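Trainee: attaching a predicted model along with its sequence, questions to come.
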Amino acid sequence: MLVAGAAGRMGERLCALLAESEALVLGAALERPGHAALGRELAAGVRLTENAAAAMTSIDVAIVFANPAGSLELLRAAAEQGVPCVVGTTGFRPDEKKEIEAFAARIPIVLAANFSVAVNVLFHLAREAGRLLGDGFDAEIVELHHAAKVDAPSGTALRVAEAIDEGRGAGRERHLVLAREGETGARAPGAVGVLALRGGDHPGEHTVFFFGQGERLELSHRSATRDHFARGALRAAAWIADRPAGLYDMEQVLGLR
Ligand code: NAD
């Protein structure tokens, strides 16, 4: 297994869980050029390197939790060498997502904004709530993350919003509201609002509200650590090893759809 972004918050947890695993082994670890930890030994014979192409020669699957540019670099090298990839990085622009789709024509890729099993059940429940409650209920999402998170709103919140729209019915125009200020006018029917809070060291929390007349439904997920994301990514890595080329998500890994 190759871990890219190995000295980051998620990369460290992945390497720690791999050290405890009997089935999966850390075979290579990547960081950005110039990182202070390059050369550090993370497992027997595995030193943190910046050379993606060389690191790819000794592994079956690559897992990347880095930034969008670094993740695309890794995917380019993986596509050239036919290595399946699990991508946890968030914050890709639409044109970068298109690049990932092009790589997925050559290698299998699991791309997921959130690898937690329970959050993927939340996606499923949000889709069902969107379908069952329809436009009569106003959907709003609140997410909370640590102060160092660099993208907003979270990829998970955007995925929840997408799932609600999928549940409400295909073909409708999506209306995502990411900010409200001044004379906004009344809330548009069918809109999905997302509010991002940032602070402290919180690994992640998402609540979706469905506001009706005189009642409301709330679905919440709260992370206490990052280990469930890392465990989910390792599960996806085992799942994708022998899949054909294509773009997959974590709901497919879990058999939720
Ligand atoms: P982090 O900043 O702690 O770690 C990212 C690491 O990637 C850093 O060590 C950085 O040096 C490294 N990096 C940057 N460019 C690189 C390159 N070209 N090659 C190799 N490494 C490179 O961030 P984090 O909290 O670990 O989160 C990383 C990403 O994962 C973010 O996009 C975050 O939103 C996302 N995330 C996803 C999930 C999920 O379940 N999908 C869970 C948590 C975080």
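Mentor: Done, it's in. Numbers count the residues shown, from 1 in each chain.
Trainee: can you tell me the element whichever residue of the stretch 151-257 of the chain sits closest to the ligand falls in?
Mentor: Proximity to the ligand, evaluated over the stretch 151-257 of the chain using CB to the nearest ligand atom, is greatest for F229 at 3.8 Å. Quick note: C-beta positions are derived from backbone N, CA and C, even for glycine. Secondary structure here is read from DSSP states H and E; on that basis F229 sits in helix 227-240.
Trainee: buried ones in whichever strand or helix holds V194?
Mentor: Secondary structure from DSSP H and E places V194 in strand 192-198. Neighbour-count burial for strand 192-198 flags 192-196 (criterion: 16 or more other CB atoms under 10 Å).
Trainee: equivalent analysis for stretch 84-100, please.
Mentor: Neighbour-count burial for stretch 84-100, counted by 16+ other CB under 10 Å, picks out 84-92, 96, 100.
Trainee: ends of it, how far apart?
Mentor: According to CA to CA, to the nearest Å, stretch 84-100 extends 12 Å from its N-terminal end residue to its C-terminal end residue.
Trainee: so which residues make contact with it?
Mentor: The contact list for stretch 84-100 (CB atoms under 8 Å, 6 or more residues apart in numbering) reads 5, 10, 60-68, 70-72, 74-75, 78, 103, 107-113, 115, 150-151, 154-156, 229, 233, 236-237, 240-241, 243, 247.
Trainee: verify the stated contact: S223 with E205.
Mentor: Yes - in this structure, S223 is within contact of E205 by CB atoms under 8 Å, at 6.7 Å.
Trainee: the two: which is more packed in?
Mentor: In this comparison of S223 against E205, neighbours counted by other CB atoms under 10 Å, the higher total goes to S223 at 20 against 17.
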